[in-house]
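In: Provided below for reference: sequence and predicted model.
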Amino acid sequence: MSVIVDQLTKIYGAQKAIDALSFEAKKGEILGFLGPNGAGKTTTMKILTCFMPPSSGSASVAGYDVVQDSFQVRQRVGYLPEHNPLYKDLYVKEYLNFVAGLHRIKKPKSRIQEMIEFTGLEREQHKKIGMLSKGYRQRVGLAQAMFHDPDVLILDEPTSGLDPNQLKEIRQLIKDLGEEKTVIFSTHIMQEVQLLCDRVIIINQGKMVADDSIERLGDRVSGASVVSIQLTRRANPEIFKSINGVQEVKIFEDNKLDIVCDGENDLRKEIFNKVVNEGFELLEMRREVLSVEDVFQKLTSKSDA
């Protein structure tokens, strides 16, 4: 089930929190939603989850409009806000039973147990929520968001404040969920984006500044990619300059070369074929790309300028 956003705009007084934002997220995709503080991420998520209407433009979830069909959208969306709103005086199982009632789940006991096992809450299920660590509270929030088996999960800073062990466990949960559902999540932890996301959207001052895969993102920003190779013997750089899309070839010691390519195409296959056809033996090949953090800084600072 896909999420479609078309020219979405939200205005608060004289400020545009979102400015003509358009994108699509598909089933089986984990979409990283990035941007500096105040970029419009949370506002977009609140519109997609029917917490607020847009000023203009449209958004739909599984074919249902967030304004005209808000009830159907809410049935198909699971939402974990940045500030996880839990009833701290309720026990974990008691709270999940309350959630089951909200969603009118026919067999609540079996679903509660299923969610407890899936989110790793077995040892904590008989505790009050207020007694749990932040990591386990996030697990309760995820269980709440997934309880009605939604097609789309929207997670706003789901790993904020977690320790390294908790981070690893929550990341794996998100990865597992992304195999069957559409997952949109925002984060300021760039390592998470590298590890989890199939695709990244970066917004700044309410406008989209990037929408691409992790690997392609760096190429688009730099305008070029670098393929580094090591051969068993020295090669004439002119051999590789004949490949369409190669801009420059740099030679280093130990028969290493950096082949600078345009950012439009991945030329590793062409380079490999050239190595083989020219009778060289290849020891190593790797494609250098900008990190997500580098891309984020370049794009957001560029937009600010």
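Out: Cool, got the structure.

In: could you report the neighbour count for the residue lying closest to Ile203 once chain neighbours are set aside?
Out: Take Ile203 and drop its neighbours on the chain: the residue closest to it by C-beta to C-beta, 6 or more residues apart in numbering is Gly35, 4.3 Å away. Yep, even glycine has a C-beta here, placed from its N, CA and C like the rest. Taking other C-beta atoms under 10 Å as the criterion, the count of residues near Gly35 is 25.

In: what is whichever strand or helix holds Ile18 packed up against?
Out: The secondary structure element spanning Ile18 is strand 15-25 (assigned by DSSP states H and E). Judged by 3 or more C-beta pairs under 8 Å, 6 or more residues apart in numbering; DSSP states H and E, the packing partners of strand 15-25 are strand 3-12, helix 41-48, strand 56-61, strand 199-204, strand 207-212.

In: quick check: which ranges of this protein have low pLDDT?
Out: Applying pLDDT under 70 to the chain flags the ranges 1, 161, 218-224, 263-264, 289-291, 302-305.

In: and the residue nearest the centre of it?
Out: The chain has Gly32 as the residue nearest its centroid, 1.8 Å off, counting by C-alpha atoms, centre = their mean.

In: which stretch of helix or strand covers that one?
Out: Per DSSP H and E: strand 30-34 holds Gly32.

In: before we move on, the earlier item: JSON lines for the helices and strands packed on strand 15-25, including mean neighbour count and distance to Leu173?
Out: Listed next are the helices and strands packed on strand 15-25 as JSON lines, based on neighbours: other C-beta atoms under 10 Å; distance: least, C-beta to C-beta, whole Å:
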{"stretch": "strand 3-12", "mean neighbour count": "18", "distance to Leu173": "20"}
{"stretch": "helix 41-48", "mean neighbour count": "23", "distance to Leu173": "19"}
{"stretch": "strand 56-61", "mean neighbour count": "20", "distance to Leu173": "21"}
{"stretch": "strand 199-204", "mean neighbour count": "23", "distance to Leu173": "19"}
{"stretch": "strand 207-212", "mean neighbour count": "18", "distance to Leu173": "25"}
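
In: tabulate these in JSON lines, adding columns for distance to Ile184.
Out: Conversion of the helices and strands packed on strand 15-25 to JSON lines gives the following (distance: least, C-beta to C-beta, whole Å):
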{"stretch": "strand 3-12", "distance to Ile184": "7"}
{"stretch": "helix 41-48", "distance to Ile184": "7"}
{"stretch": "strand 56-61", "distance to Ile184": "10"}
{"stretch": "strand 199-204", "distance to Ile184": "9"}
{"stretch": "strand 207-212", "distance to Ile184": "13"}
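
In: closest to His188 out of the ones you listed?
Out: Taking C-beta to C-beta as the criterion, helix 41-48 is the member of the helices and strands packed on strand 15-25 that comes nearest to His188, at 9.9 Å.

In: so what does the closest one touch, helix or strand wise?
Out: Counting by 3+ C-beta pairs under 8 Å, 6+ apart, the packing neighbours recorded for helix 41-48 are strand 3-12, strand 15-25, strand 30-34, strand 56-61, strand 152-156, strand 182-186.

In: tally of neighbours for Pro81?
Out: Look at Pro81: counted by other C-beta under 10 Å, it has 18 neighbours.
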